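K.L.:
build me a model from this:
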Amino acid sequence: MKETALITGASSGIGKEMCILHAQAFKDLVIVARNEKDLNGLKAQLESQYGITVHVISRDLTEPNAVDEIIEDLRKNKIEIHYLINNAGFGSVGAFAESEWDKSLNMIQLNVIALTNLCRKILPQMIERNSGKILNVSSTASLMPGPLQAVYFASKAYVTSFSNALSEELKKTNITVTNLMPGATETNFAKTAGLQDSALFEDTASAASVALTGYKAMTGGKMDVKAGITLGQSIMLKAIPFTPKKVILNQVRKMQEDH
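P.N.:
Take a look at the predicted model:
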């Protein structure tokens, strides 16, 4: 397979748009998500349109053994990964003390553990080859605490910290690690998280525009990139280091509360 990218959360949103961008470069894909029907539809579309090879792996990354099963699938099919795009993730709104523990655990498993495990399993191949690119999809949420989304914001803070640390560890190699921090984006995320009526999602960027920014940053070897943020959001993010934490916490909470 040619310059193959493994993309998680590939069946919709930012992940699907990343698949299209990689296919447009006439490079092969391994696409991972739960919905096998959607994945097969995307495979047929991209193979027909771009003449590439697309390998489908239907797995639920909230399952503890999913990453090992993915790696075994790659081994059996002799597929080498050149680009790793960890896009899959989800959030949930509500007070932590009233939340469903299973949902929080699944969020940590998907947003943190699966992402970390995929990096750990695939990175040694890249190091041996001395080439490769990793793109981890974090969030602007990683830059602040998130009352009413405490676990989600914390999980994305992990992704940003982890990605930046890897970037430094690999600086003497030809491998780069890019941390993509989208703002509110037009995907299924808001509905899944229960945030569709919140102020946070009043003004959203398209998944295609966020994917393009992230993909270009990855191919260019950038360490951090923000995408899909409004002027007001940009000003707020720049002000965070100079704003009392209690003020930030209050603002973030209000943005996530329903009208």
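
K.L.:
in stretch 74-89, what counts as buried?
P.N.:
Residues of stretch 74-89 classed as buried by neighbour count (16 or more other Cβ atoms under 10 Å): 74, 79, 81-89. C-beta: built from backbone N, CA, C; applies to glycine.

K.L.:
farthest pair in those?
P.N.:
Largest separation among the buried residues of stretch 74-89 by Cβ to Cβ: I79 and G89, giving 23.4 Å.

K.L.:
test my guess that S12 contacts G41.
P.N.:
No - between S12 and G41 no contact is recorded; they are 11.0 Å apart, counting by Cβ atoms under 8 Å.

K.L.:
higher neighbour count, those two?
P.N.:
A side-by-side neighbour count of S12 and G41, using other Cβ atoms under 10 Å, places S12 first with 16 against 12.

K.L.:
and the more buried one, how far is that from E98?
P.N.:
In this structure, S12 and E98 are 29 Å apart, going by Cβ to Cβ, to the nearest Å.

K.L.:
so where's the stretch 101-250 of the chain shaky on pLDDT?
P.N.:
Per-residue confidence of the stretch 101-250 of the chain (counting by pLDDT under 70) places the weak regions at 185-203.

K.L.:
now the helices for the stretch 1-150 of the chain?
P.N.:
Using DSSP state H, counting those that start in this stretch, the helices of the stretch 1-150 of the chain run over residues 13-24, 36-50, 66-76, 101-108, 115-129, 150-169.

K.L.:
quick one, longest strand in the chain?
P.N.:
Counting residues, the longest strand found in the chain (DSSP state E) is strand 175-182.

K.L.:
quick check: A5 touching H22?
P.N.:
Yes - with contacts defined as Cβ under 8 Å, A5 counts as touching H22 at a distance of 4.7 Å.

K.L.:
now do the shared contacts for those two.
P.N.:
Shared contacts of A5 and H22, defined by Cβ atoms under 8 Å, 6 or more residues apart in numbering, comprise 29, 83.

K.L.:
still on that earlier bit, most tightly packed of the helices of the stretch 1-150 of the chain?
P.N.:
The highest average neighbour count among the helices of the stretch 1-150 of the chain, using mean count of other Cβ atoms under 10 Å, belongs to helix 13-24 at a mean of 24.

K.L.:
quick one: mean pLDDT for that one?
P.N.:
Averaging pLDDT along helix 13-24 gives 97.

K.L.:
before we move on, what about stretch 56-71?
P.N.:
Stretch 56-71 shows a mean pLDDT of 98 in the predicted model.
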